[in-house]
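[1] Everything below, folded, please.
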Amino acid sequence: MRRRALAAILTALAAPAAYASAGAAPAVAAPAIEQASLHASFTPNRLGVSTTIAFGFHLQTTDGLAPPPLTSIVLHMPAGMNYTLTTLGLAICQPAVLQAQGVKGCPPNSRVGSGNALVEVPFGTGSGHEIPEIQAVAGPSHNGNMVVLFYANGQTPVSAQLVFTGEVLPDSGAFGSQLATAVPLIPSVPNGPDVSIVDVNTTIGPAQLTYYKHVHGRLRPFHPLGIGVPERCPHRGFPFSAAFVFQDGSTASAATTVPCPPPVKHRHK
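    This next block holds a predicted model:
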């Protein structure tokens, strides 16, 4: 009996020490998770008119660092957008020409938008940033679908001229179409790690675009028509969403809305 009592006492005394030892063990840090935010706008934001769609996104991890390299993005756009009246992309640019000569090798009437991007470049223990110019041009259609070619012209600290191919595909539900874009990996230096895309802002539409046409033997400039905004606005605005896939297989998503424009005030005679 004495041996049992002594064992019970020793067990009771050891338990708090074991608990304290377990509590002192360092906590395992949760893995960083990719996060995304999305914004979109119409210019002008009026119902039933030709517009320029601007959209952009920001990517980071939950610990505030740059995400893994991006490999694809699918942008879902609102139902009811009118693509039949647009005069964007009256000419097309071949991907090989765009890759070899840049946008200057493409017909002026192939341009459909522009933008910029911010990337993080890992160099040793630090990182660099660049803002490459992005130009969007109309490419050869694929299976009858509109194709947008994005040309990124990076200079420093990474020199890279890249062509991203986006295809406009049908969608469903609140979304009428989607722009599915494959993103090529961008090496920071030869045999070095790939850069991470942090921010992208771009437009699809006639803002700041000039096309040309022959009128009576002369070349006349004009502004093309953009994508048509629906005649009616959904109750909560025009929805956009985006899905991102990264090099390591992780994913992220984001959503936003373009608010309904204020009603047009009619003047009483």
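[2] Could you list the residues in contact with stretch 226-233?
    42, 45-53, 78-86, 88, 204-207, 238, 260-261 (Cβ atoms under 8 Å, 6 or more residues apart in numbering). For every residue, glycine as well, the C-beta is placed using N, CA and C.
[3] Using PDB, write down the CA coordinates of that stretch.
    The C-alpha trace of stretch 226-233 is given here as PDB (Å, rounded to 0.1, in the frame of the first residue of the first chain):
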ATOM      1  CA  GLY A 226     -15.800  50.100 -76.300                       C
ATOM      2  CA  ILE A 227     -17.800  47.300 -74.700                       C
ATOM      3  CA  GLY A 228     -21.400  48.300 -74.000                       C
ATOM      4  CA  VAL A 229     -22.700  48.600 -70.400                       C
ATOM      5  CA  PRO A 230     -26.100  46.800 -69.900                       C
ATOM      6  CA  GLU A 231     -29.300  48.900 -69.900                       C
ATOM      7  CA  ARG A 232     -30.100  47.700 -66.400                       C
ATOM      8  CA  CYS A 233     -27.900  47.400 -63.400                       C
END
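[4] tell me how far it is from the chain's mean position?
    Chain-centre distance of stretch 226-233: 22 Å, with Cα atoms, centre = their mean, to the nearest Å.
[5] Buried ones in it, by neighbour count?
    The neighbour-count check on stretch 226-233 (16 or more other Cβ atoms under 10 Å) flags Gly226, Ile227, Gly228, Val229, Cys233 as buried.
[6] Can you list the low-confidence ranges for the chain?
    1-30, 122-128, 156-159, 264-269 (pLDDT under 70).
[7] ranges for the helices of it?
    2-23, 95-101 (DSSP state H).
[8] Just the buried residues of stretch 226-233: which are in strands?
    Ile227, Gly228 (DSSP state E).
[9] Next, the buried residues of stretch 72-91.
    73-82, 86, 88-89.
[10] of those residues, closest to Ala182?
    Ile73 (8.8 Å; Cβ to Cβ).
[11] Contacts only, for the closest one.
    Contacts of Ile73 (Cβ under 8 Å, 6+ apart): Phe57, Ala180, Thr181, Val183, Ala242, Ala243, Phe244, Val245.
[12] Let's see which of those end up in strands.
    Using DSSP E, these in strands are Phe57, Ala180, Thr181, Ala242, Ala243, Phe244, Val245.
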